[in-house]
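Enquirer: when you get a sec, could you give me coordinates for this:
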Amino acid sequence: YKRQVSTQSTWESIQTAKMPPKKAAPVKKETAKKAVPKKAAKTIQIKQRKIRTSVQFHRPHTFRPKKAPKYAAKGLNKMNKMDQHRILKFPLTTESAMKKIEDNNTLVFIVDIQANKHQIREAVHKMYDIKVAKVNTLIRPDGKKKAYVKLQAECDALDIANKIGIL
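Expert: Residues are numbered from 1 along each chain as shown. Sure, this is the predicted structure:
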């Protein structure tokens with residue numbers, strides 16, 4: 001047994017040795033008679049690139065599911081810390097405040113620095129059950145807020161000052 005040496009690589013020679021010879025496909029008689037043209041070659045669709053109109057890249061909007069918490073974020077609802085007792089600290093009893101009570105039907109209070117006019121009006125109404133016409137506020141140089149509470153004509157500031165204990 002002699003070994004054949006050829007220009008082909010040994011792998012190619014092994015492959016060709018194992019492969020059986022190709023047979024010609026049998027031609028059907030019907031196709032030969034009709035000579036139907038074959039389908040046109042498949043058209044390859046080339047994906048068009050999107051024309052960029054801006055140099056910045058903006059991340060596309062993605063799906064964001066609704067929150068479904070397993071437990072409440074807060075244990076209890078927040079309590080309102082600004083109640084009428086915190087808003088109205090004390091009434092003023094200075095001479096000018098007494099003059100306002102007698103002449104202008106106005107009570108003068110030192111109030112919480114964070115309280116606004118609506119809260120002051122509600123606090124006076126809840127504490128003393130009186131109707132308020134107008135509220136003026138100012139912040140004193142010592143940092144406290146002063147509120148002038150003008151009462152409606154039907155309420156008398158002197159009576160309420162006596163009820164509070166100012167006079």
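Enquirer: tell me the contacts of residue 157?
Expert: Counting by CB atoms under 8 Å, 6 or more residues apart in numbering, residue 157 makes contact with 100, 101, 102, 104, 105, 106, 107, 151. Glycine gets a C-beta too; all of them are placed from N, C-alpha and C.
Enquirer: now, which of these sits nearest residue 79?
Expert: residue 107 (27.8 Å; CB to CB).
Enquirer: all helices in this structure, in order from the N-terminus.
Expert: For the chain, helices defined by DSSP state H occupy the ranges 10-18, 29-34, 84-87, 95-104, 117-128, 157-164.
Enquirer: circling back: buried among the contacts of residue 157? Make that a PyMOL selection.
Expert: To isolate the buried subset of the contacts of residue 157 in PyMOL, counting by 16 or more other CB atoms under 10 Å, use the following:
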select buried, resi 100+101+105+106+107+151
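Enquirer: need the contacts of residue 157 in CSV (columns: distance to residue 167 and pLDDT).
Expert: Below are those laid out as CSV (distance: CB to CB, whole Å; pLDDT from 0 to 100):
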residue, distance to residue 167, pLDDT
100, 13, 96
101, 8, 96
102, 10, 95
104, 15, 95
105, 14, 96
106, 14, 97
107, 11, 97
151, 15, 97
